[in-house]
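Undergrad: need a 3D model of the sequence below.
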Amino acid sequence: MIGCSSKSMVLVSLLGLLVLLLCGTSEAQSNQDCCLSYTKVRLPRWALKGYTEQLSSEVCDIPAIIFHTSSGLKACVNPKEGWVKKHLLFLSHKLRKMSA
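TA: Numbers count the residues shown, from 1 in each chain. Below is the predicted model of the structure:
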């Protein structure tokens, strides 16, 4: 009887550890700043300070460009949109001038 009780305790402990590990990894992924959808608003060029690129092959589900505004806000936009591509060209020229 005592043998079964010890085995049960070990099994319960291992299952508890597994649950903690699984919760820890899903929590770490949910803490990532991921774009889950795109904004419909076309941002003015003058408001943009920079951008980052989100790849769907990484932690996040969709590809996106995250525009950073002068006011500190971030906006997720579809990288396939024509206006987004134009804004990226504008920003790359602007950032190149600033670093020169």
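
Undergrad: backbone phi and psi for L88, please?
TA: Backbone dihedrals for L88, given as degrees, to the nearest 10, come out at phi -60, psi -40.

Undergrad: which residues are in contact with it?
TA: Contacts for L88 were tallied using C-beta atoms under 8 Å, 6 or more residues apart in numbering; they are Y51, I65. Bear in mind the C-beta positions are built from the backbone N, C-alpha and C, glycine included.

Undergrad: confidence score at it?
TA: L88 is assigned 96 on the pLDDT scale.

Undergrad: gap between it and S56?
TA: To S56, L88 is 17 Å away according to C-beta to C-beta, to the nearest Å.

Undergrad: cool, and P79?
TA: Separation of P79 from S56 (C-beta to C-beta) stands at 10 Å.

Undergrad: same drill for the two, tell me which one is more crowded.
TA: For P79 versus S56, neighbours defined as other C-beta atoms under 10 Å are more numerous around P79 (16 against 12).

Undergrad: so that one makes contact with I66?
TA: No: the pair formed by P79 and I66 falls short of the contact definition of C-beta atoms under 8 Å, at 10.1 Å.

Undergrad: if I look at P79 and S56, which residues touch both of them?
TA: Shared contacts of P79 and S56, defined by C-beta under 8 Å, 6+ apart, comprise P63.

Undergrad: I65 belongs to a helix?
TA: No: residue assignment for I65, taken from DSSP: H, G, I helix; E, B strand; the rest coil, gives strand, which places it outside any helix.

Undergrad: which residues touch it?
TA: When contacts are counted by C-beta under 8 Å, 6+ apart, I65 is found next to Y51, T52, E53, Q54, C76, V77, N78, P79, V84, L88.

Undergrad: can you tell me which of the residues you listed are in helices?
TA: For the contacts of I65, membership in helices holds for V84, L88, with DSSP state H as the criterion.

Undergrad: need the buried ones from the contacts of I65 selected in ChimeraX.
TA: Of the contacts of I65, the buried ones can be selected in ChimeraX as follows, counting by 16 or more other C-beta atoms under 10 Å:
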select :51,54,76,77,78,79,84,88
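
Undergrad: take the contacts of I65 and keep only those in strands.
TA: Cross-referencing the contacts of I65 with the strands (criterion: DSSP state E) gives Y51, T52, E53, Q54, C76, V77 as the overlap.
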